[in-house]
Every structure is written in C-alpha cells, then in structure tokens.
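Next one to model:
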Amino acid sequence: MARMERENSRDDRRGSRGGDRDRDRMDMGMVKQRRSIEGVKGIDCRDYDLLSRFVTEYGKILPARLTGANPKQQRQIKRSVRRARNIGLMA
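Okay, the predicted model is just below:
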C-alpha cells in the first residue's frame, strides 16, 4: 500500500510542470509573435519573400500555431517550401 502511494506521488511530481511552462513563457514575454497569413490569396513556391516568413533562420518550417495559418494554408506552405527547396530557391 505504501509503495503505491509513493509511485503516485512520483507521477504527480513528473507531470506537475507540463502545462505550466507555456504559461510561464507567456508571462515572461518569451513566446514568439504570430506571423500573419491574412490577405494571402495563394502560396507559390517561387515567391521567396512570402515563404521566408514561414521558415526559421535554420530553414525549418514554422508550425501553424506560430504562423496563424489554418490547416489548408499550412499544407500549402509546407508543399511550397519543399518545392522551393527542390528547385534550389531555398536552402
């Protein structure tokens, strides 16, 4: 019985900070600002200026929660960035 109580208390300690980290970052102002995709009709793989807004400085595609894109737009971004990489427009 005592062993089960100890295991449960360990599990509580492990998961206690899981959801609080994002809230702490927001309080400290460390969360990146969302990038706007409003006003964009279509996403073209040859439009480097537009695509560079959705890619980090290391070339990684930003997630939808940071770009502000809906799922359909995020798929278009992903597809266009990958095509631009294949063409050689993006590194």
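
Provide a list of residue ranges in this structure with pLDDT below threshold.
Within the chain, the segments meeting pLDDT under 70 span 1-36.

Outline the domain layout of the protein.
Annotated domains of the chain cover 1-31, 35-91 [automatic domain parsing].

Would you mind measuring from residue 82 to residue 38?
To residue 38, residue 82 is 23 Å away according to CB to CB, to the nearest Å. All C-beta atoms are positioned from the backbone trio N, CA, C, and that covers glycine.

oh, I was asking about residue 67
11 Å.

Can you get me the start-to-end distance on stretch 65-73?
12 Å (CA to CA, to the nearest Å).

Give the buried residues for that stretch.
67, 68, 69, 73 (16 or more other CB atoms under 10 Å).

does the third one sit in a helix or strand, and which one?
Element membership for residue 69 (DSSP states H and E) is empty, with no helix or strand holding it.

How about it: what's its closest non-neighbour residue?
Of all residues not flanking residue 69 in the chain, residue 37 sits nearest, at 4.7 Å (CB to CB, 6 or more residues apart in numbering).

sec struct for residue 78, please.
With DSSP: H, G, I helix; E, B strand; the rest coil as the basis, residue 78 sits in helix.

show me the contacts for residue 48.
By CB atoms under 8 Å, 6 or more residues apart in numbering, the contact list for residue 48 reads 84, 89, 90.

Residue 65 versus that one, what's the distance?
To residue 65, residue 48 is 24 Å away according to CB to CB.

ditto for residue 53
15 Å.

can you map out the helices along this structure?
2-15, 20-28, 48-52, 64-67, 71-87 (DSSP state H).

Test my guess that residue 56 contacts residue 66.
No: using CB atoms under 8 Å, residue 56 is not in contact with residue 66, being 9.6 Å away.
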